[in-house]
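>>> I need the structure of the sequence given here:
(chains A and B)
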Amino acid sequence: MTTVKPILLAEDNPRDAELALAAMEEHHIADKVVVCHDGAEVLDYLYCRGAFKSRECGNPVVVFLDLKMPKVDGIEVLRTIKNDANLKPIPVVMLTSSREERDLAQSYALGANAYVVKPVEFQQFISAVKELGVFWGVLNEPPPEGN
Amino acid sequence: MPPLPEPMPPRLVPDWLRVWGDRAGQFVTWVSQWSIEQRVLAGFGLVFLGILVISVMSYRNTAVVVKNSRLDTSSHELIQLLGSIEEALIAAESGHRRYLVTGDESYLKAYRGLVEQMPEFSRYLQALSGPSGQEERIRELEQLIQQQLDIETEAIRQRSTQGAEAVRHLALPGVAKRELDDIHRLMSELESSAQQATRTRVLQSAGTTRSTIALLALGAMLQFVLLGSVYFLIHHDITNRRRAAAELRRQGELLQAANKELEAFSYSVSHDLRAPLRHIDGYAALLSKTVGEALNDKARRYLQTISDSAKQMGQLIDDLLVFSRMGRQEMLHSTVNLNQLIRTVIHDLRLDLQGKTISWTIGSLPEVPGDPAMLRQVFMNLLTNAVKFTATRPTPSIEIGTTRDSPGEVTVFVRDNGVGFDMQYVNKLFGVFQRLHRNDEFEGTGIGLANVRRIIHRHGGRTWAEGALDQGATFYLSLPLKRTSS
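The predicted structure is shown next:
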């Protein structure tokens, strides 16, 4: 346990990413956050390939996943993670604007660990992201790393 | 230039024909204004009438033929009877003459037989006189026969009492020679007129039989027409039905496509419209935090207004999405206990009440068929409104109960003693984005009651309201107690 495990934030909208980082800043966990801008990048990160070929391999402590992303969307990423025995233990939190029942049902069916609707109000957004970051990134004990 | 002579209408057709032509034209115009059902009915009526007339006429023709044949029989019998009577009369006359000469009583056998038979002959004649139409002649004939018999009787009496001498002058020429000739003449007349009548009747029967055959042919043709029309109509109807069904299916597909589009649209609204609002509010907050103390009050207020507006629009979008979902969402069919539902809603509201004391009066409410989540939304909206609009009252009170139970449905009301509304705006109450209060008086997006109405309509019920400015408001909703499809 020498290295701090990162929080992976998949968010295509740079403003949302910036706001989320600003929220985590308040709890000094922002430096743990790795931001990916589309689903393909998330998969590259998880499988240590492409731009992330040289990174020190290991699963993130949690993945915050937006539903609507270019190239590969959130549902597709979620399906890949939960179908891969190695990636399956990573907690996945859907963080999205969609309140649609269909999205909720599909996410849980695929094995999402939580589903959070981004609040419009900044204060609520900040506290939501903060709490999520603290809970999943600090408080929650991650599953033991498989070999 | 001399005036042109007035053009005269060409008098190729006579006036009466033109008049009738005009009338026929009017009739055609009149008929063309009928609906298809009226035309069909009129056509069938005409054909039926035709068949009826033909049936009646055929029946009457057949009756004539039957009657004629009966008359023929009676004519024939009459002729035969006349022959027998004449024979008997001649035999009696010649027998009595021989008796007058010889006094031998055995010659009176024919005479006595005739006297004995006469009542029977008379009865036959009477019976046959009716149908033959010759009563006059038959009566005359009977009189003559009677006369002859009387004369013969008298002659026989004289012969037996006064002897041969007394009747000698009578015996040779015969006492009733003149009567016998008259009888013979009358009988010939009767016979020939009966034969004449028979001939006429034969001709008549032949005529009516021919016309009956023609009528029956016409009737058969009419029935064919009727059958053909029925076939045509049924065929037409089935084709129309098929076309309507196809059209309906097409419309259904269009509707489904439109619904899918709407779903995609609201999904996009839900997802994409919220993001910029979040950014507006977020960056306003970040700005406020970054600049911090350097902001003066005015700038701080501006930033606050930006945030508030973004939040309000977010709320609006959420409410609209709920409203649109209420229209599309599949309804769950189960039974809802309204008493329990109201209690839960009030419990959930308690957090918002923040210590305000409201006097609740809750009557006994029934169980209704419906979607629990949707009905919960209805009472949530109604009770939130009631709480909101009584907030300014010193002693807010809200009453929930049922009223005017008509068979098959239940009417639930929510009454408050809040600020009420002017009845002239009652029609606006249930519209989308319709508000009767300024936002700084009472907050809201104006979608709650629209949702209430939409949900109640989907349950097959109605909504209405009563109120007066500053005297509270009552919202009514009726729900069917039996399940209706939607």
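>>> which outside residues touch the strand or helix carrying A:Val42?
Following DSSP states H and E, the helix or strand that holds A:Val42 is helix A:39-46. For helix A:39-46, contacts defined as Cβ atoms under 8 Å, 6 or more residues apart in numbering or on different chains pick out A:8, A:10, A:34, A:36, A:50-52, A:55, A:59-60, A:63, A:65, A:69-74, A:76-77, A:80-81, A:87, A:90. To be clear about C-beta, it is placed using only N, CA and C from the backbone, and glycine gets the same treatment.
>>> same thing but at 10 Å, please
Here helix A:39-46 makes contact (Cβ atoms under 10 Å, 6 or more residues apart in numbering or on different chains) with A:6, A:8-10, A:12, A:34-36, A:38, A:49-53, A:55, A:57, A:59-60, A:63, A:65-66, A:68-78, A:80-81, A:84, A:86-87, A:90.
>>> mean confidence score for that helix?
Averaging pLDDT along helix A:39-46 yields 89.
>>> Now do the contacts for whatever residue of the stretch 251-400 of chain B ends up closest to chain A.
Across the stretch 251-400 of chain B, the shortest distance to chain A (Cβ to the nearest Cβ) belongs to B:Gly314, at 3.2 Å. Taking Cβ under 10 Å, 6+ apart as the criterion, B:Gly314 is in contact with A:119-121, B:273-274, B:277-278, B:280-281.
>>> Turn those into a markdown table, columns for neighbour count.
Compiled in a markdown table, the contacts of B:Gly314 are given as follows (neighbours: other Cβ atoms under 10 Å in any protein chain shown):
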| residue | neighbour count |
| --- | --- |
| A:Pro119 | 19 |
| A:Val120 | 27 |
| A:Glu121 | 21 |
| B:Leu273 | 17 |
| B:Arg274 | 23 |
| B:Leu277 | 21 |
| B:Arg278 | 23 |
| B:Ile280 | 20 |
| B:Asp281 | 26 |
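>>> just checking, which of those belong to helices?
For these, membership in helices holds for B:274, B:277-278, B:280-281, with DSSP state H as the criterion.
>>> Now do the helix or strand bottoming out on mean pLDDT in chain B: which elements does it pack against?
Confidence across the helices and strands of chain B bottoms out at helix B:164-171, with a mean of 73, counting by mean pLDDT, DSSP states H and E. Based on contacts counted as 3 or more Cβ pairs under 10 Å, 6 or more residues apart in numbering or on different chains; DSSP states H and E, the elements that helix B:164-171 packs against are helix B:36-102, helix B:135-162.
>>> still on that earlier bit, as CSV, the contacts of B:Gly314 with pLDDT would be great.
What follows is those, written out as CSV (pLDDT from 0 to 100):
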residue, pLDDT
A:Pro119, 79
A:Val120, 73
A:Glu121, 76
B:Leu273, 81
B:Arg274, 81
B:Leu277, 86
B:Arg278, 85
B:Ile280, 90
B:Asp281, 87
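>>> if we can go back for a sec, inside strands: which ones of the contacts of helix A:39-46?
Judged by DSSP state E, those include A:8-10, A:34-36, A:63, A:65 as members of strands.
>>> right, and the helix or strand after the least confident helix or strand of chain B?
helix B:177-268.
>>> can you pull out the helices in the stretch 251-400 of chain B?
Secondary structure of the stretch 251-400 of chain B (DSSP state H, counting those that start in this stretch): helices located at B:274-291, B:297-328, B:338-353, B:372-389.
>>> most packed of the ones you listed?
With neighbours taken as mean count of other Cβ atoms under 10 Å in any protein chain shown, these reach their highest mean count in helix B:372-389, at a mean of 20.
>>> other SSEs contacting that one?
Packing partners of helix B:372-389 (3+ Cβ pairs under 10 Å, 6+ apart): helix B:297-328, strand B:334-337, helix B:338-353, strand B:397-403, strand B:409-416, helix B:448-458, strand B:462-467, strand B:473-480.
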